[in-house]
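S.K.: quick one, fold the following:
(2 chains)
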There are 2 protein chains.
Amino acid sequence: MSAVAHEPRSALEGESPRELSLVDCDAHHNWRGVKDVLPYLPRYWADYVIESQFKSLPNSPYPKGVGGGERVDARPGDVGSAGSDVELFRRQLLDEWGVDVAILTGQFYNVAFLANAGFAAALSSALNDWMIDTWLSQDARFRGSLTVPMQDPQAAAKEIDRLGSRSDIVQILFSAGSRMPYGQQFYDPIWEACERNGLVAGMHFGGIGIMNPPTSAGWPSYYLEWHTDMSQAFQAQVISLVCEGTFQKFPSLRFALSEGGFAWMPHVMWRLDKNWKALRSECPWLTQKPSEIIVEHFRLTTQPIEEPDDDKHLLQIFEMMDAEHTLMFSSDYPHWDFDSPQQAFPRLPADLKRRIFAENARELYGL
Amino acid sequence: MSAVAHEPRSALEGESPRELSLVDCDAHHNWRGVKDVLPYLPRYWADYVIESQFKSLPNSPYPKGVGGGERVDARPGDVGSAGSDVELFRRQLLDEWGVDVAILTGQFYNVAFLANAGFAAALSSALNDWMIDTWLSQDARFRGSLTVPMQDPQAAAKEIDRLGSRSDIVQILFSAGSRMPYGQQFYDPIWEACERNGLVAGMHFGGIGIMNPPTSAGWPSYYLEWHTDMSQAFQAQVISLVCEGTFQKFPSLRFALSEGGFAWMPHVMWRLDKNWKALRSECPWLTQKPSEIIVEHFRLTTQPIEEPDDDKHLLQIFEMMDAEHTLMFSSDYPHWDFDSPQQAFPRLPADLKRRIFAENARELYGL
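M.R.: Residues are numbered from 1 along each chain as shown, chains lettered A, B, ... in the order given. This next block holds a predicted model:
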């Protein structure tokens, strides 16, 4: 890495745009524990954390299969969790792989499932302030995702307005699993605030099996299933956001879908298009073909990339989903199923590679 | 149609196998109303129907968008529902399209969501006896699917043993949506009985949004969404049946998945294969690659066929999912989204067409 890239962000201001060759759209920073954010909480909520001995966010009943979900080599000694040490994070991800920009995605989206919405709002603000101080200020290659209380859209919008105009904040982040489908009116204040602040709506793996069963067939038994079923939540959310007319209300809103796979995209586009032709009288505001709306408003990240036996099949899916404009590289560092930018992909045409590894992210996030 | 095909079944016994050119794997016969099956119910349950003024099975809160879900031209006058008249059914489906064999699938799978499992068992038996008398006996081209009480696997197994050895019964039928995932041990007596009787396990569109929310994100607003989301239930069930080891327990068991689409197959196979490589210590009985199990044990029907703008993409999906061995034609007569065997498909190579239109079904159902 060049010395310049290690400088704090301010040193770069006013420079002309750098050439980007690798943007990692899903890199998980972590706290060492809730004590990291205590200084950022108002007294009432700090006391609440201490009195309740709060340690972790709500979670589903599926213990993670491998290393507790973490790359064991990404744990800083015996202290803290994988991804909680800025120096190790820089060395193992940014320097080792030559990442020009890493979108920090934390692991805090389950804030949205706290029953106490006031606590969720306070904790979100503390997590965001802590991220700015501890992470974004340390390396010009970092960009931040805001944690927001999805269970209280007005409070979420307020948090987005509080920090959303910062140039180092590029999106909000929430899980694919949710209490209700994201297209429903309840969430509109959040999308409105994203649009107002020019932020991407980042939807990330997680959150299924907390408020609702993880599948429409109920509760599967294994983490292996839970993880594989995850993409269904993304499918449901895309269908909801399109059918409810979210993009008629917020035409410049864009979603980044992370860690839910992408080879399901053609199926959803085709099934929804076919049903729309016959059933659109139910949703008369849908005057554009759903697949066109999807390709315009959704971007997807690559990890965990699907690996068919025949690389040709993956390239065919790329064409069906217009990957040249919709797909963005992600590593998921420091989780167990990390994808390396050098090993996870089949041989790609140079232009397609440039789009997936940097250009689509640059355009989406305005890097 | 040849005159022979119109003869009652008994006239064909002992003949050598006919050439099949078109098998319709999803043709919905219907009752005119519950009164049709009253003569087949024991006195206690007939009284129960009359006293409770029972008229229809449990259903989800999504009124159907088009013609109440039916082809209006398939209603026999003002009496009864679409698909309730044998003569009209024969004329509009079998004769008009030259169907050699039609697998009757009814519309009764929501029996599985009756809270009273005893009623579900009695109603299932009555529906099956009525189907044999009123439908299967009327045309040698019909084959039957048994309705069974999925909420009581022991009772379901008993019903399968009662009728499963008949040569005109080829499968049981239940919905993709369920109370719990079908791979879970609870359902094993049903799969065991299917295997014992050489019956296919037919999983059909339906049943989401009754016992569980229709998606892992909760309840969408529109039938358009509900219908599009349906394929997620199939994905979840395939994942469950594979991961729980159902096919290690019942190695000759085969599933026919109807009306849930198929272009999601490659995604599920690839994501599950990748996760299995890393997480299989959780399911050590899974010694075979999940995608191989899927291609061996699952068949899928075509309707509603996905219709990409470019036919080439559909043919690529066919290759990824080994459609030559896994895909079977279905029309969904007499529902609103009926697929014609002559108009719904792109131009297919002759051999692939023969496999999809007849041979895969002949092999699966032993026709």
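
S.K.: residue contacts, the residue in the stretch 1-150 of chain A positioned nearest to chain B?
M.R.: Nearest to chain B in the stretch 1-150 of chain A, going by CB to the nearest CB, is residue A:65, at a distance of 4.2 Å. (Glycine included, C-beta is placed from N, CA and C.) Residues near residue A:65 by CB atoms under 8 Å, 6 or more residues apart in numbering or on different chains: A:223-224, A:227, A:336, B:278-279, B:281-282.

S.K.: does chain B have contacts with the helix or strand where residue A:312 lies?
M.R.: Applying DSSP states H and E as the criterion places residue A:312 in helix A:311-320. Yes: for helix A:311-320 and chain B, the contact criterion (CB under 8 Å from any CB of the partner chain) is met by A:313, A:316-317, A:319-320.

S.K.: buried set for that helix?
M.R.: Buried residues in helix A:311-320, counted by 16 or more other CB atoms under 10 Å in any protein chain shown: A:313-318, A:320.

S.K.: got JSON lines for these, with distance to residue B:113 and pLDDT too?
M.R.: Listed next are those as JSON lines, based on distance: CB to CB, whole Å; pLDDT from 0 to 100:
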{"residue": "A:313", "distance to residue B:113": "38", "pLDDT": "98"}
{"residue": "A:314", "distance to residue B:113": "39", "pLDDT": "97"}
{"residue": "A:315", "distance to residue B:113": "43", "pLDDT": "97"}
{"residue": "A:316", "distance to residue B:113": "39", "pLDDT": "98"}
{"residue": "A:317", "distance to residue B:113": "36", "pLDDT": "98"}
{"residue": "A:318", "distance to residue B:113": "41", "pLDDT": "98"}
{"residue": "A:320", "distance to residue B:113": "36", "pLDDT": "98"}
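
S.K.: of the residues you listed, closest to residue A:208?
M.R.: Lowest distance from residue A:208 to these (CB to CB) belongs to residue A:317, with 23.3 Å.

S.K.: the closest residue to that closest one other than its chain neighbours in helix, strand or coil?
M.R.: Spatial nearest neighbour of residue A:317, excluding adjacent residues (CB to CB, 6 or more residues apart in numbering or on different chains): residue A:263 at 4.9 Å. Residue A:263 falls in the coil class when you classify it by DSSP: H, G, I helix; E, B strand; the rest coil.

S.K.: so residue A:263 sits against residue B:270, correct?
M.R.: Yes: counting by CB atoms under 8 Å, residue A:263 does reach residue B:270; the two are 6.2 Å apart.

S.K.: need the overlap of contacts for these two.
M.R.: Taking CB under 8 Å, 6+ apart as the criterion, residue A:263 and residue B:270 both touch residue A:306.

S.K.: more neighbours: these two, which one.
M.R.: Relative neighbour count places residue A:263 above the other of residue A:263 and residue B:270, with 28 against 24, counting by other CB atoms under 10 Å in any protein chain shown.

S.K.: about what we covered before: determine which two of the contacts of residue A:65 are furthest apart.
M.R.: Based on CB to CB, the longest span within those runs between A:227 and B:281 and measures 13.7 Å.
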